[in-house]
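**Student:** Give the three-dimensional model of this entry:
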Amino acid sequence: MGACESGQEININDAHNWYNKFMKDCPSGQLSLYECKSFLSLHDINQEAEYYVDQVFNAFDLNKDGFIDFLEFIAAINLIIRGKINQKLKWYFKLYDADGNGSIEKRELVKIFKAVQAITGYQETTPEEFTEIVFKKIDINHDGELSLEEFVNGVESDEELFRMISKIFDLSNVLRIIQSGRKKASESCES
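**Tutor:** The predicted structure follows:
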(Lines give C-alpha, C1' and ligand atoms only; values in the text may rest on other atoms or scores of the structure.)
Protein backbone atom coordinates (compact mmCIF):
# COMPACT_ATOMS: atom_id res chain seq x y z
CA MET A 1 0.00 0.00 0.00
CA GLY A 2 2.97 2.29 0.05
CA ALA A 3 5.64 3.52 -2.25
CA CYS A 4 7.90 0.57 -1.67
CA GLU A 5 7.61 -3.00 -0.60
CA SER A 6 7.53 -3.48 3.15
CA GLY A 7 11.03 -4.98 3.01
CA GLN A 8 12.62 -1.62 2.30
CA GLU A 9 13.85 0.36 5.23
CA ILE A 10 14.73 3.92 5.96
CA ASN A 11 18.44 3.76 6.70
CA ILE A 12 20.52 6.36 8.52
CA ASN A 13 21.53 8.03 5.26
CA ASP A 14 17.91 8.27 4.11
CA ALA A 15 16.81 9.66 7.47
CA HIS A 16 19.57 12.25 7.30
CA ASN A 17 18.49 13.24 3.77
CA TRP A 18 14.84 13.44 4.84
CA TYR A 19 15.82 15.60 7.80
CA ASN A 20 17.89 17.96 5.64
CA LYS A 21 15.05 18.29 3.13
CA PHE A 22 12.45 18.85 5.84
CA MET A 23 14.55 21.50 7.61
CA LYS A 24 15.48 23.20 4.33
CA ASP A 25 11.83 23.47 3.32
CA CYS A 26 10.56 24.23 6.83
CA PRO A 27 13.33 25.68 8.99
CA SER A 28 10.87 26.22 11.84
CA GLY A 29 10.76 22.44 12.20
CA GLN A 30 6.98 22.42 11.92
CA LEU A 31 4.81 21.99 8.86
CA SER A 32 1.33 23.56 8.97
CA LEU A 33 -1.57 22.35 6.85
CA TYR A 34 -1.14 25.35 4.54
CA GLU A 35 2.58 24.67 4.19
CA CYS A 36 1.88 21.00 3.57
CA LYS A 37 -0.44 21.90 0.70
CA SER A 38 2.23 24.20 -0.71
CA PHE A 39 4.86 21.49 -0.20
CA LEU A 40 2.74 19.11 -2.29
CA SER A 41 1.55 21.79 -4.75
CA LEU A 42 -2.07 21.24 -3.71
CA HIS A 43 -3.53 24.71 -3.24
CA ASP A 44 -6.01 25.03 -6.10
CA ILE A 45 -7.94 21.81 -5.57
CA ASN A 46 -11.66 21.16 -5.31
CA GLN A 47 -13.56 20.73 -2.06
CA GLU A 48 -13.43 16.91 -2.10
CA ALA A 49 -9.67 16.88 -2.65
CA GLU A 50 -9.28 19.53 0.05
CA TYR A 51 -11.15 17.26 2.47
CA TYR A 52 -8.83 14.33 1.74
CA VAL A 53 -5.67 16.40 2.20
CA ASP A 54 -7.07 17.73 5.49
CA GLN A 55 -7.86 14.19 6.66
CA VAL A 56 -4.39 12.88 5.76
CA PHE A 57 -2.71 15.83 7.46
CA ASN A 58 -4.80 15.37 10.61
CA ALA A 59 -4.07 11.65 10.67
CA PHE A 60 -0.32 12.34 10.59
CA ASP A 61 -0.54 15.18 13.14
CA LEU A 62 -0.26 12.69 15.98
CA ASN A 63 -0.24 15.18 18.86
CA LYS A 64 -3.05 17.28 17.28
CA ASP A 65 -1.18 20.58 17.62
CA GLY A 66 -1.95 21.69 14.04
CA PHE A 67 1.57 20.99 12.81
CA ILE A 68 3.57 18.03 11.57
CA ASP A 69 7.01 18.09 13.14
CA PHE A 70 9.94 16.05 11.86
CA LEU A 71 9.18 13.03 14.07
CA GLU A 72 5.58 12.93 12.81
CA PHE A 73 6.85 13.44 9.26
CA ILE A 74 9.34 10.57 9.48
CA ALA A 75 6.69 8.36 11.12
CA ALA A 76 4.43 9.05 8.13
CA ILE A 77 7.24 8.27 5.65
CA ASN A 78 8.06 5.12 7.61
CA LEU A 79 4.43 3.98 7.46
CA ILE A 80 4.30 4.56 3.71
CA ILE A 81 7.63 2.85 3.01
CA ARG A 82 7.81 -0.01 5.44
CA GLY A 83 4.65 -0.17 7.47
CA LYS A 84 3.18 -3.61 7.86
CA ILE A 85 -0.19 -4.30 6.25
CA ASN A 86 -1.91 -4.32 9.62
CA GLN A 87 -0.44 -0.90 10.52
CA LYS A 88 -1.49 0.60 7.21
CA LEU A 89 -5.01 -0.78 7.53
CA LYS A 90 -5.31 0.71 11.02
CA TRP A 91 -4.11 4.04 9.66
CA TYR A 92 -6.61 3.83 6.77
CA PHE A 93 -9.35 3.09 9.29
CA LYS A 94 -8.39 6.22 11.22
CA LEU A 95 -8.43 8.20 7.98
CA TYR A 96 -11.87 6.91 6.94
CA ASP A 97 -13.38 7.36 10.41
CA ALA A 98 -13.70 11.10 9.89
CA ASP A 99 -15.85 11.75 12.96
CA GLY A 100 -13.58 9.65 15.18
CA ASN A 101 -16.40 7.59 16.68
CA GLY A 102 -14.60 4.25 16.24
CA SER A 103 -16.52 3.05 13.20
CA ILE A 104 -16.72 3.79 9.51
CA GLU A 105 -20.18 4.60 8.22
CA LYS A 106 -21.08 4.38 4.54
CA ARG A 107 -21.33 8.17 4.20
CA GLU A 108 -17.76 8.55 5.53
CA LEU A 109 -16.37 6.03 3.06
CA VAL A 110 -18.25 7.63 0.15
CA LYS A 111 -16.93 11.06 1.13
CA ILE A 112 -13.29 9.97 1.46
CA PHE A 113 -13.50 8.02 -1.82
CA LYS A 114 -14.83 11.13 -3.61
CA ALA A 115 -11.94 13.08 -2.12
CA VAL A 116 -9.40 10.52 -3.29
CA GLN A 117 -10.93 10.53 -6.78
CA ALA A 118 -10.59 14.30 -6.89
CA ILE A 119 -6.84 14.02 -6.32
CA THR A 120 -5.96 10.82 -8.16
CA GLY A 121 -8.51 10.83 -10.97
CA TYR A 122 -9.34 7.18 -10.22
CA GLN A 123 -12.58 6.46 -12.13
CA GLU A 124 -12.80 2.67 -12.35
CA THR A 125 -15.70 2.61 -9.90
CA THR A 126 -17.99 5.18 -8.33
CA PRO A 127 -17.71 6.03 -4.64
CA GLU A 128 -21.12 4.47 -4.05
CA GLU A 129 -20.18 1.24 -5.87
CA PHE A 130 -16.88 1.02 -3.99
CA THR A 131 -18.64 1.56 -0.65
CA GLU A 132 -21.25 -1.11 -1.42
CA ILE A 133 -18.50 -3.59 -2.37
CA VAL A 134 -16.60 -2.92 0.86
CA PHE A 135 -19.65 -3.17 3.11
CA LYS A 136 -21.04 -6.25 1.33
CA LYS A 137 -17.73 -8.06 1.76
CA ILE A 138 -16.72 -7.10 5.30
CA ASP A 139 -19.68 -5.74 7.31
CA ILE A 140 -20.06 -9.06 9.12
CA ASN A 141 -22.88 -8.05 11.46
CA HIS A 142 -24.67 -6.01 8.73
CA ASP A 143 -25.14 -2.97 10.97
CA GLY A 144 -24.06 -0.48 8.29
CA GLU A 145 -20.86 0.37 10.18
CA LEU A 146 -17.39 -1.10 10.09
CA SER A 147 -15.52 -1.56 13.33
CA LEU A 148 -11.73 -1.53 13.31
CA GLU A 149 -11.73 -5.31 13.70
CA GLU A 150 -14.19 -5.84 10.83
CA PHE A 151 -12.21 -3.53 8.59
CA VAL A 152 -8.73 -4.91 9.28
CA ASN A 153 -9.75 -8.58 9.31
CA GLY A 154 -12.04 -8.16 6.32
CA VAL A 155 -9.50 -6.42 4.10
CA GLU A 156 -6.67 -8.74 5.15
CA SER A 157 -8.73 -11.82 4.32
CA ASP A 158 -10.08 -10.60 0.95
CA GLU A 159 -7.25 -10.40 -1.58
CA GLU A 160 -9.35 -8.62 -4.22
CA LEU A 161 -10.54 -5.96 -1.78
CA PHE A 162 -7.00 -5.56 -0.45
CA ARG A 163 -5.67 -4.94 -3.97
CA MET A 164 -8.46 -2.48 -4.69
CA ILE A 165 -7.88 -0.47 -1.50
CA SER A 166 -4.12 -0.59 -2.04
CA LYS A 167 -4.47 0.82 -5.53
CA ILE A 168 -7.04 3.50 -4.73
CA PHE A 169 -5.57 4.85 -1.51
CA ASP A 170 -1.86 4.47 -2.22
CA LEU A 171 0.17 7.41 -0.84
CA SER A 172 3.28 6.70 -2.88
CA ASN A 173 2.48 9.64 -5.18
CA VAL A 174 2.76 11.95 -2.19
CA LEU A 175 6.10 10.35 -1.30
CA ARG A 176 7.36 10.79 -4.87
CA ILE A 177 6.40 14.48 -4.78
CA ILE A 178 8.29 14.92 -1.51
CA GLN A 179 11.33 13.04 -2.80
CA SER A 180 11.46 14.89 -6.11
CA GLY A 181 11.13 18.24 -4.41
CA ARG A 182 8.13 19.45 -6.43
CA LYS A 183 7.63 22.41 -4.20
CA LYS A 184 7.35 25.91 -5.46
CA ALA A 185 6.59 27.72 -2.25
CA SER A 186 9.49 26.97 0.07
CA GLU A 187 9.38 30.51 1.36
CA SER A 188 5.91 29.79 2.82
CA CYS A 189 7.50 27.38 5.29
CA GLU A 190 9.82 30.02 6.58
CA SER A 191 7.12 32.05 8.30
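**Student:** show me what contacts residue 116?
**Tutor:** Taking Cβ atoms under 8 Å, 6 or more residues apart in numbering, we find residue 116 in contact with 52, 122, 168, 169. No exception for glycine: its C-beta is placed from N, CA and C like everyone else's.
**Student:** Find the nearest non-adjacent residue to the second one, please.
**Tutor:** It refers to residue 122. residue 168 (5.6 Å; Cβ to Cβ, 6 or more residues apart in numbering).
**Student:** sorry, back to before: so which of the contacts of residue 116 wins on neighbours?
**Tutor:** Neighbour count (other Cβ atoms under 10 Å) singles out residue 52 as the most crowded of the contacts of residue 116, with 23 neighbours.
**Student:** Identify the residues contacting the helix or strand containing that residue?
**Tutor:** Using DSSP states H and E, residue 52 maps to helix 47-60. Contacting residues not belonging to helix 47-60 are listed as 33, 36-37, 40, 42, 45, 64, 68, 72-73, 75-76, 91, 94-95, 98, 111-112, 114-119, 171, 174 [Cβ under 8 Å, 6+ apart].
**Student:** In it, which residues are buried?
**Tutor:** Neighbour counts over helix 47-60 (16 or more other Cβ atoms under 10 Å) mark 48, 49, 50, 51, 52, 53, 55, 56, 57, 58, 59, 60 as buried.
**Student:** Taking the centroid of this protein, which residue is nearest it?
**Tutor:** Centroid-nearest residue in the chain, with Cα atoms, centre = their mean: residue 56, separated by 4.7 Å.
**Student:** can you pull the pLDDT of that residue?
**Tutor:** Looking at residue 56, its pLDDT reads 83.
**Student:** again with the one 3 residues further on
**Tutor:** Among the per-residue scores, residue 59 holds a pLDDT of 83.
**Student:** separation between it and residue 53?
**Tutor:** Separation of residue 59 from residue 53 (Cβ to Cβ, to the nearest Å): 11 Å.
**Student:** again with residue 123
**Tutor:** 19 Å.
**Student:** swap in residue 87?
**Tutor:** Taking Cβ to Cβ as the measure, residue 87 falls 21 Å from residue 53.
**Student:** Which pLDDT value goes with the residue nearest to residue 109 when sequence neighbours are not counted?
**Tutor:** Nearest-residue entry for residue 109: residue 131, 4.6 Å, with adjacent residues in sequence omitted and distances by Cβ to Cβ, 6+ apart. With respect to pLDDT, residue 131 has a value of 94.
**Student:** Any stretches of the chain with poor pLDDT?
**Tutor:** Across the chain, the ranges flagged by pLDDT under 70 are 1-10, 41, 43, 170-191.
**Student:** The same query, at a cut-off of 50, please.
**Tutor:** Applying pLDDT under 50 to the chain flags the ranges 1-8, 182-191.
**Student:** And the strands in it, which stretches?
**Tutor:** Using DSSP state E, the strands of the chain run over residues 30-32, 67-69, 103-105, 145-147.
**Student:** Now do the helices for this protein: every range, in order, please.
**Tutor:** Using DSSP state H, the helices of the chain run over residues 12-25, 33-39, 47-60, 70-82, 85-96, 106-120, 127-138, 148-157, 159-168, 172-180.
**Student:** Alright, calling it a day.
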